[in-house]
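Q: Any chance you can model this:
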Amino acid sequence: MQRRNVIAGGGAALLAPVSALADGLVLPPELPDGTKEIARLVNLPGKIRLLRLADRPPNYATPTEAFADAITPNDRFFVRYHIDAVPSPPPIDDWILTIGGDGAVQEARLRWNDLLDLPQIGVLAVCQCAGNRRGLSVPHVAGVQWGDGAMGCAEWRGPRLSDILKAARIKPGAVEIYVGGADVPPVPGPPAFRKSIPLAKAKDDDTIVAMAMNGSPLPLLNGYPARLIVPGWTGTYWVKHLNSIEISTTPLANFWMKTAYRVPAGLFPVQQPFASQASETSEPITEMVVNSIIADPVEGGEVERSGFTVRGVAWDRGTGIRRVEVSLDGGKTWLDALLDRPLGPYAYRRFSLDSGFMRRGQYRLVSRATSNAGERQSDVLKANPGGYHNNVPRGISVTVT
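A: Numbering: from 1, shown residues only. Modelled structure (predicted):
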């Protein structure tokens, strides 16, 4: 990876202009009416045909049809922010990543070229907002009313976080790594978005600081110039515009760890618990649950009675996908789909099913996945206050003509 090739094209003007697209858009019927009123396909700087769900803060979803492919293109990758202001990146030669904290032997300041001098690792992984499909939950809960599009799969490339931490050297007794970015609140008052991960996850060989995405610089709206990549975990930990790392001997006790992004204890399967942040009643949302989506045909589409192919992707926290089943009759009967070869444990796995001849009429297509850990998508919604981990099999309605 050439240094200047990575640097070129990283910055872009913030969200202006935003152009709405007039072509037809069929939204999931479960979305609340208020979201349907503002949802539009728009073009952003460096982005095309994203679904607008909110401008302040900017939250734009990837349309379902993009998930027919295992890799989500950079210009179709979703945008998720917690605050209104998207930071303007500094000149790349002025960018600095600071590493310190009471769990560090010494403070270190690394520049862009210092990170490029470290071994570069490529990781193919799904980045999914913890609130993906929140807007499809019944009853609805507060938060951005995402449909299926708060996710994407890309090849992320950069140095391992463990190699970066060596610059500051970790003291015995360190328990968490705090991470922060340049996207801070524009006015005093709201809490800055900072997250922490346990030391064991920080040392994982697949946890990296990405400087490139799908072979190109990170788009500004996806975290340029660098972001944390935590494969298998929800996107809340994938801090964008990374500029600070703190090695700590105590758990982070801010709003984003102790109040937000938490679920009832024991509600969801977790392979590696975040013990230092757990309590008797709740725990931080961490690992993704097994899930799938049909990308082709799309909601409200028309298909030929001579037969059509159902296509989509499935994913989980990193054990891999063992099986995907597709129903052509709304979940009454199920057929095994054909699985493409796995691209990696944290990546989408594509599936397909040929329908064969179909009689004219309305049909409900549904998919459900089973992971290599034996976990299958939940038959019923596991309700929780944040609307997280909605992995109930999703159906779409099509007309056979």
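Q: Can you measure across stretch 331-347, start residue to end residue?
A: Length of stretch 331-347, first residue to last, CA to CA, to the nearest Å: 26 Å.
Q: Now tell me what touches it from outside.
A: Stretch 331-347 is contacted by residues 70, 123-126, 153, 206, 231-232, 310, 315, 318-321, 323-328, 349-353, 364, 366-368, 393, 395 when judged by CB atoms under 8 Å, 6 or more residues apart in numbering. Bear in mind the C-beta positions are built from the backbone N, C-alpha and C, glycine included.
Q: For PyMOL, what selects the buried ones among these?
A: Selection of the buried residues among those in PyMOL, burial being defined by 16 or more other CB atoms under 10 Å:
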select buried, resi 70+123+124+125+126+153+206+231+232+310+315+318+319+320+321+324+325+326+327+328+349+350+351+352+353+366+367+368+393+395
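Q: Identify those among the contacts of stretch 331-347 that sit within strands.
A: Residues of the contacts of stretch 331-347 located in strands (DSSP state E): 123-126, 153, 310, 315, 321, 323-327, 349-353, 364, 366-368, 395.
Q: Pass me the low-pLDDT residue ranges in the chain, would you?
A: Residue ranges of the chain with pLDDT under 70: 1-24.
Q: list the contacts for the most centrally placed residue in it?
A: Centroid-nearest residue in the chain: residue 128, 1.9 Å away (criterion: CA atoms, centre = their mean). Residues near residue 128 by CB under 8 Å, 6+ apart: 150-152, 234-235, 288, 315.
Q: before we move on, what about residue 389?
A: Per CB under 8 Å, 6+ apart, neighbours of residue 389: 130, 263, 268, 285, 288-289, 382.
Q: Let's have these in TSV, adding secondary structure.
A: Output for the contacts of residue 389, formatted as TSV (DSSP: H, G, I helix; E, B strand; the rest coil):
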residue	secondary structure
130	coil
263	strand
268	coil
285	coil
288	coil
289	coil
382	coil
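Q: Adding neighbour count and distance to residue 183 as columns, could you present those in CSV?
A: Below are these laid out as CSV (neighbours: other CB atoms under 10 Å; distance: CB to CB, whole Å):
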residue, neighbour count, distance to residue 183
130, 25, 17
263, 20, 25
268, 21, 28
285, 25, 20
288, 25, 23
289, 22, 27
382, 15, 31
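Q: Tell me the one among these nearest to residue 32.
A: Nearest to residue 32 among these is residue 130, at 18.8 Å by CB to CB.
Q: dump the residue contacts of the nearest residue to residue 105 once chain neighbours are set aside.
A: Once flanking residues are discounted, residue 105 sits nearest to residue 169: 3.8 Å by CB to CB, 6 or more residues apart in numbering. Contact analysis of residue 169 by CB under 8 Å, 6+ apart lists 104-106.
Q: One more pass at 10 Å, please.
A: 99, 103-106, 108, 247 (CB atoms under 10 Å, 6 or more residues apart in numbering).
Q: Report the two of those separated the most.
A: Pairwise distances across the contacts of residue 169 (CB to CB) peak at 13.0 Å, for the pair 103 and 108.
Q: More neighbours: those two, which one.
A: The neighbour comparison of residue 103 against residue 108 (other CB atoms under 10 Å) goes to residue 103, with 23 against 18.
Q: Surely that one and residue 251 touch.
A: No - taking contacts as CB atoms under 10 Å, residue 103 lies outside contact range of residue 251: 11.7 Å.
Q: Show me the helices in the chain, by range?
A: 3-7, 33-38, 112-116, 161-165, 199-202, 255-258 (DSSP state H).
Q: Residue 262 and residue 287, how far apart?
A: Here the criterion is CB to CB, to the nearest Å. By it, residue 262 lies 14 Å from residue 287.
Q: Tally up the residues packed near residue 44, please.
A: Count around residue 44 with other CB under 10 Å applied: 24.
Q: can you tell me how far it sits from residue 222?
A: For residue 44, the distance to residue 222 equals 11 Å [CB to CB].
Q: Between these two, which contacts overlap?
A: Shared contacts of residue 44 and residue 222, defined by CB under 10 Å, 6+ apart, comprise residue 79.
Q: Tell me how many other residues crowd residue 336.
A: 11.
Q: what sits opposite it in the beta ladder?
A: With DSSP bridges applied, residue 336 shows beta-bridge pairing to residue 325.
Q: so how far is residue 242 from it?
A: 42 Å.
Q: quick one: which of the contacts of residue 389 is nearest residue 178?
A: residue 285 (17.7 Å).
Q: Need the overlap of contacts for residue 103 and residue 108.
A: Taking CB under 10 Å, 6+ apart as the contact rule, the neighbours common to residue 103 and residue 108 are 165, 168-169.
Q: of all these, which comes closest to residue 181?
A: residue 165 (17.3 Å).
Q: Hmm, that closest one is touching residue 197, no?
A: No - Residue 165 lies out of contact with residue 197 (CB under 10 Å); the separation is 11.6 Å.
Q: neighbour count winner among the two?
A: residue 197 (25 against 21).
Q: which residues sit in contact with residue 234?
A: Contact partners of residue 234, counting by CB under 10 Å, 6+ apart, are 126-132, 150-151, 261, 284-289, 317, 388-389.
Q: which neighbours do residue 103 and residue 251 share?
A: Contact criterion CB under 10 Å, 6+ apart; residues shared by residue 103 and residue 251: 175-176, 178.
Q: Okay, and which of those map to strands?
A: Short answer: the shared contacts of residue 103 and residue 251 in strands (DSSP E) are 176, 178.
Q: would you turn the shared contacts of residue 103 and residue 251 into CSV with neighbour count and distance to residue 161?
A: Shown next, in CSV, are the shared contacts of residue 103 and residue 251 (neighbours: other CB under 10 Å; distance: CB to CB, whole Å):
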residue, neighbour count, distance to residue 161
175, 18, 15
176, 25, 13
178, 22, 12
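Q: nearest to residue 62, of the shared contacts of residue 103 and residue 251?
A: residue 178 (29.3 Å).
Q: isn't that closest one right next to residue 245, touching?
A: Yes - Residue 178 sits in contact with residue 245 when judged by CB under 10 Å, with a separation of 7.1 Å.
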